[in-house]
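Enquirer: I'll drop the sequence and a predicted model, then ask my questions.
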Amino acid sequence: MGTMNVDDEFATVDLILASKAETRAVDAFALALIKAERQMRKLFTYLVFQSDAFDATHIGGLRNVLASHSRVYFVDFVSAWDKLYARPFREIVGPDYDHLHAVLTKATGYRNKIFHGQLTTEHLSREDLMTYVAEITKWCRIVAESTRTEIGYDGFTRNSFRKSESVIKGRLIGKISTLDEYDQFLAQMEEERLQRHKSGQELAKPPVRSPGAPRRNPVRDLDQIGLGKALVNNFPEWLAYFEHRGPFTRTGQLEHHIKTIQRRYELGSAVKACSDELFLKSLYETLRAWGIGVRRSRLKPFDEFAAVFAGQQQRISYFETILLDDPQLDILETSDALWALLSQLSIAENDATLVPVTKALHHALPELVVPIDRAYTQLFFGWQNPQFQYSQRQCFAEAFNVFAQVARVVKPSQYVGKGWNSSRTKVIDNAVVGLIRSLKDKVKSLDRI
C-alpha cells in the first residue's frame, strides 16, 4: 500500500476504459479527476506536516481540521503550494504547466456540472472525455515525477503524514505551527477562492448553491453539529430508545433488510453481491419496503436496477475492506471516492437520489455506508429542504465526515447483534433515529400540556 505509483493509482481508470460499459468514458473521467485532486491535497498535507511542531500525535487533528473545510478545491491546493514552498509549483511542473493546469480547471467545471445533472456548455463526446482522461493522467505523472525529485514525495504514496528524507525544511516559507493556524490557513484559502470566483478569475466553479438555500459553516467537530455531542455522549440510550420506540414497524421492513444483509455476508464480498440475483432481488424488495419507489423516489425496473449494480462492480471493489470506524481511515479521500460511486448508481429516476442510493449501497457496503433519509438524518443535521434537495454532495460529505468521527468514538461494532443492529453503520443510523424520535416524542408530550 505504501509504494503506490502513478501506474498503480490509475490501474482502475485503465480497467474502466477497457470495459464495455456504456458509461466507461464519464466514469474514467470522474475517477481520474478525483485522483488528481487527491494528489494535490496529499502534497499539500505533506508540506504542512514538515513543520517541527507536528508529529504522529497530531495526525488525527490535522485530518479533522482539513475535513472541516469542505470548500477547498484543487485550484486552492495548487495555490497553497506557493504559500508554503519557496520554489513555485509552475516551475517545478515545467513547460506543460499552463496547458495542463487549464485542462484540469476546465475538467473540474465539467465534472461539477455532470455530477449535478447539468448539461455542459459544449457537447462532450466519449472521445472528448477520454482525451481529458489522458491529459489528467499526464498531469498526475509529471507532478508525481517532479515532486518526488523536489521534496521526496509524489502525492500517491498512501501516507502523506510523514517527514521528508530530503532536506526541505529550509525551503518552507509558510510554516504552520498549531492546529488553529492550520484552520486559519484553510479558512483564508476558502476566502481567497471566493474572491477569485467573484472577480471571474476562477474557471472551475464549485457547485452552485440553490436559490433560497442557507449558507452553512463547514463542520469543524462534533460539538458544532447541534446534536453530535448528544449522540456520542448518550449513544447506548438512543439505541435503547430506538429498540423500544423505533418507527420502522411495517410488515417486511425488517424482514427484507435482514434477508438482504444475511445474503450479503454469505456471499463474502460486495463485488459478488453486485452480480448475485438473489441479493439484488432481495435488495430491491428491501428498498420498496423502506418506501423507495412508493413515495417520492421512483426505482427503475429490476432489470435496469440490476444492470446498474453490475456495471459498478469495479468501483465498488475499491471499498471492499474499508471500515467506517477505522482510526486510519482517510475520511476526505473515502468521501470523495464514495461520492463518485454514488453519482453513478442511477437506480432511481428522481433528480435527488441521495436517499435511495445510500440505502442501497448500505446493503452492499454495510461496514462503510450509513443510510440517509429525510425524516431523521436531515433533521439530525439541520439541513433545510432546498439544501438537501440541491446540495446533495455537500450533505453527503458532511454526513460521512460526522458518522466516521462518531464511529471512531463509540465503536459501533460492539452493538451489532440481532434485529435492526445488523451492522456497524446501521447501529449508527439506529442511534440517530432513536435520538430524533426521542426529541419528537418530547415535543408531542409538551403539546399535550
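Expert: That came through fine.

Enquirer: What is the neighbour count of the residue nearest to Asp336 when sequence neighbours are not counted?
Expert: Nearest residue to Asp336, sequence neighbours excluded (Cβ to Cβ, 6 or more residues apart in numbering): Ile34, at 5.4 Å. C-beta here means a position set from N, CA and C on the backbone, and glycine is covered the same way. Residues lying near Ile34 (other Cβ atoms under 10 Å) number 19.

Enquirer: Kindly report the same for the one 5 residues further on.
Expert: Counted with other Cβ under 10 Å, residues neighbouring Gln39 total 23.

Enquirer: Would you mind listing the residues in contact with it?
Expert: By Cβ atoms under 8 Å, 6 or more residues apart in numbering, the residues touching Gln39 are Cys140, Val143, Ala144, Asp154, Gly155, Phe156.

Enquirer: Quick check: of those residues, which lies closest to His58?
Expert: Distances from His58 to the contacts of Gln39, taken as Cβ to Cβ, are shortest for Gly155 (20.2 Å).

Enquirer: what helix or strand does the residue lying closest to the closest one once chain neighbours are set aside sit in?
Expert: Spatial nearest neighbour of Gly155, excluding adjacent residues (Cβ to Cβ, 6+ apart): Gln39 at 3.6 Å. Taking DSSP states H and E as the criterion, Gln39 maps to helix 24-49.

Enquirer: tell me the mean pLDDT over that helix?
Expert: Helix 24-49 shows a mean pLDDT of 91.

Enquirer: Could you measure from Glu304 over to Gln392?
Expert: For Glu304, the distance to Gln392 (Cβ to Cβ, to the nearest Å) stands at 21 Å.

Enquirer: With neighbour numbers in mind, choose between the two.
Expert: Gln392 (25 against 12).

Enquirer: Compute the distance between Ser70 and Asp8, please.
Expert: For Ser70, the distance to Asp8 - Cβ to Cβ - is 28 Å.

Enquirer: These two: which has the busier surroundings?
Expert: Ser70 (20 against 11).

Enquirer: and that one, what pLDDT?
Expert: For Ser70, pLDDT reads 75.

Enquirer: hang on, isn't it packed against Ala399?
Expert: No. Taking contacts as Cβ atoms under 8 Å, Ser70 lies outside contact range of Ala399: 11.4 Å.

Enquirer: Can you report how many residues lie near the closest residue to Val410 other than its chain neighbours?
Expert: Excluding the flanking residues, the one nearest Val410 by Cβ to Cβ, 6+ apart is Phe235, at 4.6 Å. Other residues lying near Phe235 total 21 when counted by other Cβ under 10 Å.

Enquirer: does Phe235 really touch Val432, like I thought?
Expert: No. Contact between Phe235 and Val432 fails when scored by Cβ under 8 Å: they sit 10.2 Å apart.
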